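[1] predicted model and sequence follow; I will ask about them next.
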Amino acid sequence: MSIGHTLLGLLESGPRHGYDLKRAFDERFGQDRPLHYGQVYSTMSRLLKNGLVEVDGVETGGGPERKRYAITDAGITDVGQWLAQPEKPDPYLQSTLYTKVVLALLTGRNAADLLDTQRAEHLRLMRELTQRKRGGDLADQLICDHALFHLEADLRWLELTAARLDQLDKAVRA
Amino acid sequence: MTPPDRKGDSPRATTAVALTGTPDATGATDTTDTAGTTSTTGAGTGTGTGTTDASGAATTTRATAATHTATTSRATTATTAPAAWARDLLFGARFAVTGGRQGWARTVLTAVGVGLGVALLLLAASVPSVLGNREERSEARKAVTVSDNMKPGPHTFLYADASTTWHDADIIGSVVRPDGPKAPAPPGVSAVPGPGEMVVSPALKDLLRQDGNKLLRERLDYRIVGTIADEGLRGPAELLYVAGSDTITDTHAERIDHYGDGIDTEPLSAVLILLIVMVCVVLLMPVAVFVGTAVRFGGEQRDRRLAALRLVGADLPMTHRIAAGEALVGALLGLAVGFGIFLVGREFVGSITVWDINVFPADIAPHPGLTALIAAAVPACAVLVTLLAMRGITIEPLGVMRHSAPKRRRLWWRIVLPALGFGLLLPLVGDVSYANDSDINTYQVASGAVLVLIGVTTLLPWLVEGFVNRFKGGPLSWQLATRRLQLSSGTAARTISGVTVAVAGAVAIQMLFAGVRDDFVQTPGHEATDPQVGVSRTVDDAEDARSMISAIRGTPGAQNAVGNIQTSVGKPGADRSRDDGATDQLVIGDCQSLRALARIDRCEEGDVFLRADRDPESFAAAGARVDLTPPGYGDGTSKEHLWTVPASARTVQDQADEPADGFSSIMATPSAVPVSTISYPWLLVRLSLDPAQPDAMEQIRNTAMRIDPTSSVMAYSDIESDDRFDDIQTGLFVGATATLLLIGVSMIVTQLEQLRDRKRLLSVLVAFGTRRSTLAYSILWQTAIPMVIGLAVSLAGGVTLGVILLKMVDRSVRDWSSMAPMVGVGAGVIALVTLVSLPPLWRMMRADGLRTE
Amino acid sequence: MTPAGSLLIGSALRKSYGPTPALDGADFSIHPAEVVAVMGPSGSGKSTLLHCLAGIVQPDSGSVRYNGRELSSLPDRGRSALRRSEFGFVFQFGQLVPELTCLENVALPLRLCGTGRKPAEAQAAEWLERLEVDDVRGKRPGEVSGGQGQRVAVARSLVTRPRVLFADEPTGALDSLNGERVMQLLTDAARDTRAAVVLVTHEARVAAYSDREVVVRDGKARDMAGVL
């Protein structure tokens, strides 16, 4: 999953200090693995270099540098493209997908569309695997089936999440 | 107890895996941003952990279940057996009333079914009281001559029967003339009507009032002064009147001083008892079959429910007790419904007249002993039938096992019952006589007949199965029906067994009835060209006779009226204290009327003829003296009144093969015989009716009534029969029709239930584009095939039984067509069941059934 | 996928059972020989969509056109005839007539169309063979396994060589292995006979046998082919 895009998405709701960004990220997506400060600053400097964010202001005083970042128009476009792009169907996508759904909700984008797109992408791959399976030998079949079962589990998660979008929206905005 | 519990555990164990496994797996994967091998390992670990957890959880659950089981079994042993019984029965009872809409539907269905049966049984139990009360009132109003020479007194009155017929309705009437002020009034009448007045029954009052009944009003030309109360009537629709008179004399009337009794009613003859026994057996057996079917309503749903109970730990005896409790509630409700139907229904009975029988609601009072028996036997039978029905299945926690399917039906024990029945009946062949005191073995006949009839029903499933299994091919609807019957021929056979009993019994009785009918029914011999109507009356003298004949000739619509007086003559010098002396017949009439009897060429007033072909022992001869008042025909004390047959009397040959009024040895013209001397100068006027005058018959009846209320009018084309015989025949028809309808109802219920069970399948067939007609025909075949087999079996059984019963009374089969009406009713029931099943079939042939529940 | 060249088109279909709409303006189309999966949560109206498309249920409004003919304008008799000859059906369970043998069950649609018993059963036998359940021909549905029964049902649905096969959760009552096998046989046979298949399912693995997916949510259908 892309930390850069996630931080960009978080910035979309308003300019933040690097420290705030880390806290927001940890709260929502970092249950198991909080971000290091270093990760935040290195990512932000990459985004700054690419023109996706700009420095909104610097607070001077004691302690580390406290820059406030704001997202640029290019940044917003980038986030939108990232959200609209289905992930490559792959086992264990959940955390990425979850992040994308939450960000879509936070930024007022259509999360249902996002899920549908992903769903179609999943099914496309499943169709491919099924096709391969029908032509293949037993080994092919077993391998394809393994992938198919995992993809199916993902798909179920997508369906379930789609059914609970309203609930999630409330929770995210709370 | 343990195996089902363990099965029940497995889903719980699976749930445990899911619950413990998921967070772990999520946790493991969340950390890795990289795809491929690592994640696969992660998954493997996840699953591994899950499995371990699962077995742990499963073990725990099982342990809990075991503890639970132990507690339950301890609790079971602690409660005593009767308490457990009561608990299970109550449990079942609760199911009967709290099973939701379907449960209620089933209970109501059973209750209504049993209720109809119970109502019919109560009706049957009321037969003695109905007949008894009718008979009692009928007896109480009879005018019985106690002595021939009662002297007029303050209590006496003259009584003459003045019954008549209005189209097809018999009107019972009497004319009374009190001798003194204390003469009694008939039952139900408050005061004796005066001359020119009458009291009438309510039904007759209505009839008189109707438009178009002018002739009847003219005939009963009395002023209505009152209504006869119920106690004087046999039934509410009886047509009855009592008229007062000051003109009738003891020539035409009896002198009596009270109404009622006097003579015991003659006991029923053995043949009648045989008939009545048969009627009862035939009518009640199908009711029993019906009640048996009714308590099985909804059986399949019940079995599924019991299976669910087995899953949560009920053992087999418990399920049986629960089912028994459920059946008991249905039967008890049915009992209540039955009493309700009976009580409500009998209020309407008064307004119904079936085959001339019509009774007061109050008369329909079931016999207390029989009522108690019904109240006890119906619930007991319900439980018994339920338990018997459950014998063929084992209710397992996961469903119902039927072990009836592979077992072929055996023939031998099914043969036993009818064989036993015939064994009981055959020795009686030729034993039953008409004598009233004939010692007929009622029990032997009844049990023989019952065994034969039950035998027919036990043979039926075997026959249906054997027959139906031969069916192959045919159109689709036929295939659907036959395959269905092949799979469950037992249900079909059970349903139609009631019809079979009713038809077999009714056929047997019809044959017996047709065979002995002539012994009870007097059909006056006549040919098509012969007179159609006879008017008769005792006349005073030749002049009286002449005026009566001319009055009849003058009636509109009367044609070819010919009259003569018929009487008996005795041999002179007979012992007058005995009335069994030799008698001969004398007929007196004008030349024209005598020519109708014999080939007479010359005839003048004053001539006398002798019949050539008279009895060789006849004492009538030219110049012989005969007694015009033979003993037994006069008042017993009167002297001989001798009359000499003129020596000039010529011998003549018979005209017809058998004249309608029998043969007379002596034929005389009126002036040759002193008519007024004859004890009972009975005049019979025979005539034909003008076909162009539709009310000719009523006109004749009016004339006869005007001449004398006591004259009788008889239509030769009518058949007169023994009244009791009529009642039996009537009872049979009413009962058999009602029974067949009842069976029809149960077939409908079974059919609907089957349709409901197949709702989904029907929807699927509709989706496939099945035509309605295909399914409709399949339902028709499904009803018709077993019905036709049933009718065939019942005809065979009924005819055999009928032949044996006829042989018993030493008669041969006279009428093979007697089974036609019953077969017709059977066919009607097939049509009815099919037709009634169609609307629900159309309704269920919709896509709603496809929506998964 | 545009409706042009479509064999069966449902448009703006509305259908209510009681107060709740089962279909609320659903659109659907399928080409000849195309397999379209209809997915969606339970109660979303996918079965109702199938029923409307097959002419089993008349929609409250909207139109269903088969081969250019408007289904709702046909009388019940005509729609039944269409279902007999042009459509085939497979359901999740309870579709085989329990009294008839498997062979007779498969022959049933042909006999409904008026074919005689002998030729109908000969064709039925061929189809049983094709679906690898030749050994159960003489058995009754109650005596065969779920997978065998479902294959018999598939054989029955295809015996009339329908142009559209409606399959409502055809594998719903089967385990994965049997379900997969039934789906392979069903789609192979449908492909061979160039039958279009409307496949209602809630299982993604079953839907993966389709060419295209339509998701029904809240009575509306969404063609997922247009999403990517």
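    On my side now, so go ahead.
[2] and residue C:68, how many neighbours does it have?
    For residue C:68, the count of nearby residues is 8 (other Cβ atoms under 10 Å in any protein chain shown). C-beta: built from backbone N, CA, C; applies to glycine.
[3] in the chain, which helix or strand is least confident?
    I'll assume chain A. strand A:53-59 (a mean of 82; mean pLDDT, DSSP states H and E).
[4] not quite, go with chain C.
    Per-element confidence for chain C was summarised using mean pLDDT, DSSP H and E. The lowest value among helices and strands belongs to helix C:76-85, with a mean of 85.
[5] state the distance from the residue minimising distance to the centre of chain A to chain B.
    With distances taken as Cα atoms, centre = their mean, chain A has residue A:100 as the residue nearest its mean C-alpha position (3.3 Å). Between residue A:100 and chain B the distance is 14 Å, computed by Cβ to the nearest Cβ, to the nearest Å.
[6] residue A:130 and residue A:145 touch, don't they?
    No. Residue A:130 is not in contact with residue A:145 according to Cβ atoms under 8 Å; the separation is 9.5 Å.
[7] contacting residues around whichever residue of chain C sits closest to chain A?
    With Cβ to the nearest Cβ as the measure, the residue in chain C that lies nearest chain A is residue C:208; the distance is 3.9 Å. Taking Cβ atoms under 8 Å, 6 or more residues apart in numbering or on different chains as the criterion, residue C:208 is in contact with A:123, A:126-127, A:129-130, A:148.
[8] same thing but at 7 Å, please
    Residues near residue C:208 by Cβ atoms under 7 Å, 6 or more residues apart in numbering or on different chains: A:123, A:126-127, A:130, A:148.
[9] quick check: residues of chain A near chain C?
    A:116-117, A:119-121, A:123-124, A:126-127, A:130, A:134, A:148, A:152, A:155, A:159, A:163 (Cβ under 7 Å from any Cβ of the partner chain).
[10] apply 10 Å and report the result again.
    Residues of chain A found near chain C (Cβ under 10 Å from any Cβ of the partner chain) are A:86, A:112-113, A:116-131, A:133-134, A:141, A:145, A:148-149, A:151-156, A:158-160, A:162-163.
[11] domain ranges for chain B, per the record?
    In terms of domains, chain B is parsed into B:2-78, B:87-142+B:268-407, B:144-256, B:426-523+B:721-853, B:533-718 (source: automatic domain parsing).
[12] what about the ones you listed, which gets the closest to residue A:25?
    Closest to residue A:25 of the domains of chain B is domain B:2-78 (Cβ to Cβ; 14.1 Å).
[13] could you say which helix or strand holds residue B:175?
    Under DSSP states H and E, the secondary-structure element containing residue B:175 is strand B:169-178.
[14] can you check residue B:159 too?
    Taking DSSP H and E as the criterion, residue B:159 maps to strand B:157-161.
[15] now do that strand and strand B:169-178, the angle between them.
    Angle, strand B:157-161 to strand B:169-178, by axes from the mean of the first three to the mean of the last three Cα atoms, to 10 degrees: 160 degrees.
[16] what's strand B:157-161 packed up against?
    Taking 3 or more Cβ pairs under 10 Å, 6 or more residues apart in numbering or on different chains; DSSP states H and E as contact, the helices and strands that strand B:157-161 lies on are strand B:169-178, strand B:240-244, strand B:254-256.
[17] in its sheet, which strands sit next to it, and in what direction?
    strand B:169-178 (antiparallel), strand B:254-256 (antiparallel) (DSSP bridges).
[18] and those strands, which one's lowest on average pLDDT?
    Lowest mean pLDDT within the strands paired with strand B:157-161: strand B:254-256, at a mean of 80.
[19] can you put the contacts of residue C:208 in TSV and add distance to chain B, neighbour count and secondary structure?
    Output for the contacts of residue C:208, formatted as TSV (distance: Cβ to the nearest Cβ, whole Å; neighbours: other Cβ atoms under 10 Å in any protein chain shown; DSSP: H, G, I helix; E, B strand; the rest coil):
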residue	distance to chain B	neighbour count	secondary structure
A:123	20	29	helix
A:126	17	25	helix
A:127	21	18	helix
A:130	21	23	helix
A:148	14	21	helix
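[20] please name the strands paired to the helix or strand following the strand holding residue B:175 in the sheet, noting orientation.
    Helices and strands here follow DSSP H and E; after strand B:169-178, the next one along the chain is strand B:197-200. Applying DSSP bridges to the sheet, strand B:197-200 is found paired with strand B:223-227 (parallel), strand B:240-244 (antiparallel).
[21] okay, the ones you listed, which one's buried deepest?
    strand B:240-244 (a mean of 25; mean count of other Cβ atoms under 10 Å in any protein chain shown).
[22] average model confidence for it?
    Average pLDDT, strand B:240-244: 88.
[23] what about that strand, distance to the chain center?
    33 Å (Cα atoms, centre = their mean, to the nearest Å).
[24] alpha carbons of it, as PDB, please.
    What follows is strand B:240-244, C-alpha atoms only, in PDB (Å, rounded to 0.1, in the frame of the first residue of the first chain):
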ATOM      1  CA  LEU B 240    -102.700 -33.700   7.800                       C
ATOM      2  CA  TYR B 241    -106.200 -32.600   8.400                       C
ATOM      3  CA  VAL B 242    -109.100 -33.600  10.700                       C
ATOM      4  CA  ALA B 243    -112.600 -32.500   9.600                       C
ATOM      5  CA  GLY B 244    -115.900 -32.600  11.500                       C
END
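[25] what's the longest strand in chain B?
    Longest strand in chain B by number of residues, with DSSP state E as the criterion: strand B:558-570.
[26] where does pLDDT dip in chain A?
    Segments of chain A classed as low confidence (criterion: pLDDT under 70) are A:1, A:31-32, A:60-65, A:91-94.
[27] how's it carved up into domains?
    The domain map for chain A lists A:1-84, A:86-174, with the assignment taken from automatic domain parsing.
[28] and the longest one, how far from the chain's centre?
    Here domain A:86-174 shows a centroid-to-chain-centroid distance of 13 Å under the convention Cα atoms, centre = their mean.
[29] nearest spatial neighbour of residue B:802, skipping sequence neighbours?
    Counting by Cβ to Cβ, 6 or more residues apart in numbering or on different chains, residue B:802 lies nearest to residue B:511, which is 3.2 Å off, once chain neighbours are set aside.
[30] ok, which stretches of the chain are strands?
    As the question left the chain open, I've gone with chain A. According to DSSP E, chain A carries its strands in the segments A:16-17, A:53-59, A:66-71.
[31] wait, I meant chain C there
    C:8-17, C:20-30, C:35-39, C:61-66, C:69-70, C:87-90, C:164-168, C:196-200, C:212-217, C:220-223.
[32] neighbours around residue B:666, how many?
    The number of residues packed near residue B:666 is 27, by other Cβ under 10 Å.
[33] could you report the pLDDT at it?
    The per-residue pLDDT of residue B:666 was computed as 87.
[34] that one bridge partners, please.
    On DSSP bridges, the residues paired with residue B:666 through beta bridges are residue B:586, residue B:610.
[35] figure out how far the strand holding residue B:159 is from the centre of its chain.
    Averaged C-alpha coordinates place strand B:157-161 at 37 Å from its chain's average position (Cα atoms, centre = their mean).
[36] before we move on, the earlier item: what touches both of residue A:130 and residue A:145?
    Residues touching both residue A:130 and residue A:145 comprise C:180, C:205, with contact defined as Cβ atoms under 10 Å, 6 or more residues apart in numbering or on different chains.
[37] ok, back up a step: pLDDT wise, what is the residue of chain C closest to chain A at?
    In this prediction, residue C:208 has a pLDDT value of 92.
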